[in-house]
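**Student:** Quick check, what structure comes out for this input:
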Amino acid sequence: MQEPSSSLINTAAELLRNGGLVAFPTETVYGLGANASDPVAVRRIFAAKGRPADHPLIVHLHSPENLDFWAKDMTASAWRLAEHFWPGPLTLILKRRNAPLTVTGGQETVGIRIPDHPVALALLKAFDGGIAAPSANRFGRVSPTRAKHVRAELGDRVDLILEGGPCRVGVESTILSLVNDQPRLLRPGSISLSALQQVLGTEIITSASVGDIRAPGLLKSHYTPETRFEVHPIHDLKRRRDELAGSGIRTAVMFIGAEHREQPENPALTPCFMPDTPAEYARKLYAVLRLLDRAEFGVLLAESPPDTEAWQAVNDRLKRASCR
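**Tutor:** Residues are numbered from 1 along each chain as shown. As a prediction, the model looks like this:
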């Protein structure tokens, strides 16, 4: 994969300055970007995705030097996390300063991160400002981890799509709120709770309730394929598989690892063997879901991963993707 030329990056930056929408790769998923300081351009994101106006966006920056423009009351904890994890898949929820309310969903808080992808960083540097960017897909659907996913989802609703190859992480960023006395994990990602606590030297709240803070990816149903999708522990999964196969319903089954390769011979069943490590599983999850979703199955099944911290982000995405 050849990265975009500097000329194309400059073209993308100029499009953003003129109110355009540019899809670009990050290490997590592809984002749909607009000038975060331009409310009219930001509204185009919501229209293109079919996203509710009260669902906040994340502002992407090139350098922590610009943090004080977008957020206020920066604490020592915020600077410590920024220094340790940025560029990287961590979004910090901070008190809003200059972020427009169109970006924040009407809240007095703003989500900010610095992505760890050369194309994203080149675009941010050329643009020299904040880029508001949710995932580049229809609202609530499976996130895109390749440029072709963006084309399939949004088509000509995007002015330019920058190619950056498959996303290295594959699931959305960890979101941590720092607006109250105690940090609160709002969305798990590839940066673990223990890693965050080690850097902060304090406990992080992980309760299901997020209070009055709205952040991306917190809806009960999210990242959903159009095909019915179910997640079960292995024994229940096999029973459900046999039940569907007996009914003649075309079913794809996402197993973890290769230990279940012995499958009943049934033309209605298609096994799919996912990686047995959480990082590799996360990297492939959305691409596999998209592939299976287009294959005209009646039902998609997935084996539940272990209930451990390492699998927390994957379990979160599977739970939301299977909730209807």
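**Student:** C-alpha only now, for contacts and for neighbours.
**Tutor:** Fine.
**Student:** mean confidence score for stretch 212-227?
**Tutor:** Taken as a whole, stretch 212-227 has a mean pLDDT of 84.
**Student:** so where do the helices sit in the protein?
**Tutor:** With DSSP state H applied, the chain shows helices at 6-17, 39-49, 67-70, 76-85, 101-104, 118-127, 147-154, 193-200, 234-246, 278-293, 312-321, listed in chain order.
**Student:** Pull the contacting residues for the residue nearest the centre of the chain.
**Tutor:** The centroid of the chain falls nearest to residue 172 when counting by C-alpha atoms, centre = their mean (2.5 Å). Going by C-alpha atoms under 8 Å, 6 or more residues apart in numbering, residue 172 touches 28-29, 89, 189.
**Student:** what do you get if the cut-off is 10 Å, keeping everything else the same?
**Tutor:** If you count contacts by C-alpha atoms under 10 Å, 6 or more residues apart in numbering, residue 172 has them with 26-30, 89-91, 134-135, 143, 187-190, 216-217, 282, 313, 317.
**Student:** Put the buried members of those into a ChimeraX selection.
**Tutor:** To isolate the buried subset of the contacts of residue 172 in ChimeraX, counting by 16 or more other C-alpha atoms under 10 Å, use the following:
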select :26,27,28,29,30,89,90,91,134,135,143,187,188,189,190,216,217,282,313,317
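**Student:** Residue 126 against residue 61, yeah?
**Tutor:** No: the pair residue 126 / residue 61 is not scored as a contact, 11.3 Å apart, by C-alpha atoms under 10 Å.
**Student:** which neighbours do these two share?
**Tutor:** Joint contacts of residue 126 and residue 61 (C-alpha under 10 Å, 6+ apart) are residue 120.
**Student:** Same drill for the two, tell me which one is more crowded.
**Tutor:** Between residue 126 and residue 61, counted using other C-alpha atoms under 10 Å, residue 61 has the larger neighbour count: 26 against 17.
**Student:** residues in contact with that one?
**Tutor:** For residue 61, the contacting residues are 67, 70, 87, 112-115, 120-121, 123-125, 127-132, by C-alpha under 10 Å, 6+ apart.
**Student:** Just the local confidence number for it, please.
**Tutor:** 98.
**Student:** Phi, psi for it please.
**Tutor:** The phi and psi values for residue 61, taken as degrees, to the nearest 10, are phi -120, psi 160.
**Student:** give me the low-pLDDT residue ranges for the protein?
**Tutor:** For the chain, applying pLDDT under 70 flags the ranges 1-2, 207-211, 261-262, 264.
**Student:** could you list every residue that touches the closest residue to residue 222 other than its chain neighbours?
**Tutor:** The shortest distance from residue 222 to any residue other than its chain neighbours is 4.6 Å, reached at residue 140 (C-alpha to C-alpha, 6 or more residues apart in numbering). Contacts for residue 140 (C-alpha under 10 Å, 6+ apart) come out as 49-51, 217, 219, 221-225, 320-321.
**Student:** How about residue 206?
**Tutor:** 176, 183-188, 193.
**Student:** swap the cut-off to 6 Å and go again
**Tutor:** By C-alpha atoms under 6 Å, 6 or more residues apart in numbering, residue 206 lies in contact with residue 185.
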